[in-house]
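# Compute the structure for the input listed below.
(2 chains)
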Amino acid sequence: EAQVTQNPRYLITVTGKKLTVTCSQNMNHEYMSWYRQDPGLGLRQIYYSMNVEVTDKGDVPEGYKVSRKEKRNFPLILESPSPNQTSLYFCASSFPTGENTGELFFGEGSRLTVL
Amino acid sequence: DAKTTQPPSMDCAEGRAANLPCNHSTISGNEYVYWYRQIHSQGPQYIIHGLKNNETNEMASLIITEDRKSSTLILPHATLRDTAVYYCIVRMLSTQGGSEKLVFGKGTKLTVNP
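Reported below is the predicted structural model:
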């Protein structure tokens, strides 16, 4: 089954304790991206990756890191989480537009709480 | 800033057509219009997309104005399960290169009433 898998789905952590949210897709998509969603602010892009070893900042990259060492994985790293990073996070992937529909496939979300 | 503008909320009666507008006045010639919806806090789901022609699939129809500065998503017979937040975004044709920085904005909260 084609899917984007995020882990963990729920996490409560404390300020300053490094954490990684993993994202894996099984559709051989080149494009992957991370979003955060906060009440009243909609979906905001954190980072995206056009392909392996190619990443770039979205609208709200501060406090986050990413890596794309393999095509299927795109982990989101919070080196020193702070309470303002409490949010619902989504990972998404797609083929490039043009040759394909460019439809984004989203994961189920990871709800992160930083105390 | 969001490249699209949508009304924050809309209501629709069950069984009637829901017409959701989106303004994308700064769209460039190589950018597609995509629509997604999000039910509760689930991951957004793709609905439809188009470049300049009107499009229809099993879920909805997409009407793009001739100047491409706005579009309308049409759910022909809305049901209670169509209650969701609908996002309109623009996305560049990847073969043209350039940024894949996508801006979703806040979307339109559609409420379908019985």
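# who are the neighbours in contact with the residue lying closest to A:Tyr89 once chain neighbours are set aside?
Nearest non-adjacent residue to A:Tyr89, counting by Cβ to Cβ, 6 or more residues apart in numbering or on different chains: A:Ser110, 4.6 Å away. (C-beta placed from N, C-alpha, C; glycine too.) Taking Cβ atoms under 8 Å, 6 or more residues apart in numbering or on different chains as the contact definition, A:Ser110 lies against A:6-11, A:21, A:88-90.
# any idea where the strands of chain B begin and end?
Per DSSP state E, chain B carries strands over the ranges B:9-13, B:18-23, B:31-38, B:45-50, B:55-56, B:61-64, B:70-75, B:84-92, B:108-113.
# Flag every residue of chain B that's near chain A.
B:32, B:34, B:36, B:38, B:41-46, B:49, B:87, B:91-95, B:99-107 (Cβ under 8 Å from any Cβ of the partner chain).
# Tabulate the strands of chain B in TSV, adding columns for mean pLDDT, distance to A:Gly58 and mean neighbour count.
Shown next, in TSV, are these (pLDDT from 0 to 100; distance: least, Cβ to Cβ, whole Å; neighbours: other Cβ atoms under 10 Å in any protein chain shown):
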stretch	mean pLDDT	distance to A:Gly58	mean neighbour count
strand B:9-13	97	26	14
strand B:18-23	97	21	20
strand B:31-38	94	16	23
strand B:45-50	95	19	19
strand B:55-56	96	27	15
strand B:61-64	97	25	19
strand B:70-75	97	23	20
strand B:84-92	93	13	23
strand B:108-113	97	22	17
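# With distance to A:Pro39 as extra columns, can I get these in a markdown table?
Listed next are these as a markdown table, based on distance: least, Cβ to Cβ, whole Å:
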| stretch | distance to A:Pro39 |
| --- | --- |
| strand B:9-13 | 15 |
| strand B:18-23 | 21 |
| strand B:31-38 | 13 |
| strand B:45-50 | 20 |
| strand B:55-56 | 32 |
| strand B:61-64 | 28 |
| strand B:70-75 | 24 |
| strand B:84-92 | 12 |
| strand B:108-113 | 12 |
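# about what we covered before: can you pull the pLDDT of the residue nearest to A:Tyr89?
On pLDDT, A:Ser110 comes in at 98.
# Now B:Pro114. Nearest residue, chain neighbours left out?
Leaving aside its sequence neighbours, B:Pro114 sits nearest to B:Glu14 (Cβ to Cβ, 6+ apart; 5.3 Å).
# from memory that neighbour sits against B:Thr83, does it?
No - B:Glu14 lies out of contact with B:Thr83 (Cβ atoms under 8 Å); the separation is 9.8 Å.
# list residues touching both of the two?
B:Val112.
# Same drill for these two, tell me which one is more crowded.
Neighbour comparison, B:Glu14 and B:Thr83: the larger count goes to B:Thr83, with 19 against 15 (by other Cβ atoms under 10 Å in any protein chain shown).
# Can you name the residues that contact that one?
Applying Cβ under 8 Å, 6+ apart, the residues near B:Thr83 are B:39, B:110-112.
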